[in-house]
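[1] no FASTA, just this:
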């Protein structure tokens, strides 16, 4: 057995902390909840930018958006910031066999040298963007032609949800099979295994048995009222969802469709939970569990109708508050509500593995919170999000969310927001209320110094 601990890193797409272990009811997640029983659970954990590609780069470099200089899905980390060392590269350099399967980086070539071995799962019989039923595949083909006629390059945008068959696997399930097989063959060298899960990302496709875990009649649809006094930049038109078959191209979401989408999201999370359970069971059977750190996190969250919006792409709570569990052999389960961030994961894994973190790291080592969840801490999390010619810079504290929308060419703030989370959550922008005048300078001082940002 290696003296260095192994690491199994589970990264999930679009996962809200709406889990039993986070004190929330509604979703059925026994495997994640069981993992939490032997983990440090981070109750106020946040991503740095609520979109897949950039967020994953923040996790795997420990650097913030203005350092990676990747703000969109098209830009490659390896092109924009090739000097940054990734977590797989760093662990590989320190003697780890690094293995990966599934959606880890958004672009597979973001880290072309970090992994010792790319696991090769079987391919699902899916067509389009992940459908198994003939009806959904037909809708995907029809909708793709319609999108082409409108000049779009998108393809496979079939229904936003699918009740799939129980006897045919989606790709996440096949990816987990490859991870399970890899765990059967681990040797004496320490290993770092990353397993990336696509679900519960759109489209919300899951086998029928997972849909049947939920009664749609008791699923609540959130209020569609936007925050009072929010800026023109604050929300989005949820374009990620609009092009799916059966979704209105403009205007509000019909209530019945909203409820079905939430139902589908819940089904996908339960399906994800079952796959995580398979990985953990295989780790137990491998005999390596007692020397393996298990980390489970999400790249960002997901709006499910909050403020009448869907998907992510804002600095609001639903998009940026994400789960983080870190299970370390020999450490007791704890819950901490200190403010923590995705950029903290890389230095924390380094510390737990007994290796120095690279000097680029902008996060902090969370391991002191594993011993003392009430340890003194700088209770802030920073987020940002681009909109055409402006960039949001936001700071989250236990009580407030403060945001400045700055022009990207001059860094001049053109709009500001302040939400008193203790008062009424994110329902009113109180930036102009005199009662908060003394809070604003303190919060603004926590944001990065103004400087222009490239596209």
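    Cool, the structure landed. Please read all numbers here as calculations on a predicted model, not as lab measurements.
[2] Helix, strand, or coil at the closest residue to residue 120 other than its chain neighbours?
    Nearest non-adjacent residue to residue 120, counting by CB to CB, 6 or more residues apart in numbering: residue 178, 6.7 Å away. The way it works is simple: take the backbone N, C-alpha and C, and place the C-beta from them, glycine included. Under DSSP: H, G, I helix; E, B strand; the rest coil, residue 178 falls in the helix class.
[3] Tell me how far residue 178 lies from residue 397.
    Noted for residue 178: a distance of 42 Å to residue 397, by CB to CB, to the nearest Å.
[4] Likewise for residue 249?
    For residue 249, the distance to residue 397 - CB to CB - is 38 Å.
[5] These two - which one has more neighbours?
    residue 397 (18 against 9; other CB atoms under 10 Å).
[6] Would you check that that one makes contact with residue 382?
    No: between residue 397 and residue 382 there is no contact under CB atoms under 8 Å: 10.6 Å.
[7] which neighbours do these two share?
    When contacts are counted by CB atoms under 8 Å, 6 or more residues apart in numbering, residue 397 and residue 382 have residue 446 as shared neighbours.
[8] returning to what we had before: what is the neighbour count of the residue nearest to residue 120?
    19.
[9] Check the gap between it and residue 122 for me.
    Relative to residue 122, residue 178 is positioned 8 Å away (CB to CB).
[10] Helices of the stretch 101-250 of the chain, start to end?
    For the stretch 101-250 of the chain, helices defined by DSSP state H, counting those that start in this stretch occupy the ranges 134-149, 171-183, 208-211, 239-242.
[11] which of the ones you listed sits most buried?
    Stretch with highest mean neighbour count among those: helix 171-183 (a mean of 21; mean count of other CB atoms under 10 Å).
[12] Off-centre distance for that helix?
    Remark: helix 171-183 is offset 20 Å from the chain centroid, using CA atoms, centre = their mean, to the nearest Å.
[13] for it, packing partners?
    strand 97-102, strand 191-197, helix 255-286 (3 or more CB pairs under 8 Å, 6 or more residues apart in numbering; DSSP states H and E).
[14] hmm, try it at 6 Å
    strand 97-102, helix 255-286 (3 or more CB pairs under 6 Å, 6 or more residues apart in numbering; DSSP states H and E).
[15] between these, which gets nearest to residue 20?
    Closest to residue 20 of the helices and strands packed on helix 171-183 is helix 255-286 (CB to CB; 9.9 Å).
[16] got the angle between that closest one and strand 97-102?
    In terms of direction (axes from the mean of the first three to the mean of the last three CA atoms, to 10 degrees), helix 255-286 departs from strand 97-102 by 150 degrees.
[17] I'd like the next helix or strand past helix 255-286.
    The element immediately downstream of helix 255-286 (helix or strand, assigned by DSSP states H and E) is strand 292-298.
[18] between that next one and helix 255-286, how big is the angle?
    If you take the same axes, to 10 degrees, strand 292-298 sits at 170 degrees to helix 255-286.
[19] Now do the same contact list for residue 98.
    For residue 98, the contact set (CB atoms under 6 Å, 6 or more residues apart in numbering) comprises 88, 91-92, 115-116, 192.
[20] Which of these has the largest number of neighbours?
    residue 192 (27 neighbours).
[21] and the gap between it and residue 141?
    According to CB to CB, residue 192 stands 40 Å off from residue 141.
[22] before we move on, what about residue 430?
    From residue 430 over to residue 141 (counting by CB to CB), the distance is 49 Å.
[23] circling back to that earlier point, any chance of the helices and strands packed on helix 171-183 in CSV, plus distance to residue 348 and mean pLDDT?
    Output for the helices and strands packed on helix 171-183, formatted as CSV (distance: least, CB to CB, whole Å; pLDDT from 0 to 100):
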stretch, distance to residue 348, mean pLDDT
strand 97-102, 17, 97
helix 255-286, 19, 98
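[24] Of all those, which one is nearest residue 22?
    helix 255-286 (12.2 Å).
[25] What are the buried residues along that closest one?
    Across helix 255-286, burial judged by 16 or more other CB atoms under 10 Å covers 257-280, 282-283, 286.
[26] so that helix versus strand 191-197, what angle?
    Going by the same axes, to 10 degrees, helix 255-286 is angled at 160 degrees with respect to strand 191-197.
[27] And helix 255-286, what does it pack against?
    helix 30-36, helix 171-183, strand 204-207, helix 208-211.
[28] nearest to residue 311, of these?
    Across these, residue 311 has its closest neighbour in strand 204-207 (11.8 Å, CB to CB).
[29] what pairs with the closest one, and is each one parallel or antiparallel?
    Strand pairing for strand 204-207, determined by DSSP bridges: strand 161-164 (parallel).
[30] what's next to the strand it pairs with, contact-wise?
    131-132, 136, 203-205, 207-208, 211, 264.
[31] Leaving out sequence neighbours, find the closest residue to residue 94.
    residue 355 (4.8 Å).
[32] now swap in residue 114 and tell me
    residue 88 (3.1 Å).
[33] give the contact list for that neighbour.
    So residue 88 contacts 98, 111, 114-115 (CB under 6 Å, 6+ apart).
[34] do residue 336 as well
    Taking CB under 6 Å, 6+ apart as the test, what residue 336 contacts is 42, 369, 373.
[35] taking those one by one, which sit in helices?
    Those of the contacts of residue 336 mapping onto helices are residue 369, per DSSP state H.
[36] TSV please, covering the contacts of residue 336 and showing neighbour count, distance to residue 68 and pLDDT.
    Output for those, formatted as TSV (neighbours: other CB atoms under 10 Å; distance: CB to CB, whole Å; pLDDT from 0 to 100):
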residue	neighbour count	distance to residue 68	pLDDT
42	28	22	98
369	23	25	98
373	17	30	97
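[37] Turn the contacts of residue 336 into TSV, columns for distance to residue 440.
    Output for the contacts of residue 336, formatted as TSV (distance: CB to CB, whole Å):
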residue	distance to residue 440
42	28
369	29
373	30
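[38] follow-up on the earlier one: just the closest of the contacts of residue 88 to residue 233, please.
    Distances from residue 233 to the contacts of residue 88, taken by CB to CB, are shortest for residue 111, at 31.9 Å.
[39] Look up how far residue 87 lies from the closest one.
    Counting by CB to CB, the gap from residue 111 to residue 87 is 9 Å.
[40] now residue 269
    25 Å.
[41] again, but for residue 393
    With distances taken as CB to CB, residue 393 is found 25 Å from residue 87.
[42] ok, now residue 45?
    Relative to residue 87, residue 45 is positioned 17 Å away (CB to CB).
[43] Show me where the stretch 1-150 of the chain has its strands.
    6-12, 40-46, 97-102, 117-118 (DSSP state E, counting those that start in this stretch).
[44] Can I get the ones you listed in a markdown table including distance to residue 188?
    Formatted as a markdown table, the strands of the stretch 1-150 of the chain follow (distance: least, CB to CB, whole Å):
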| stretch | distance to residue 188 |
| --- | --- |
| strand 6-12 | 11 |
| strand 40-46 | 28 |
| strand 97-102 | 10 |
| strand 117-118 | 16 |
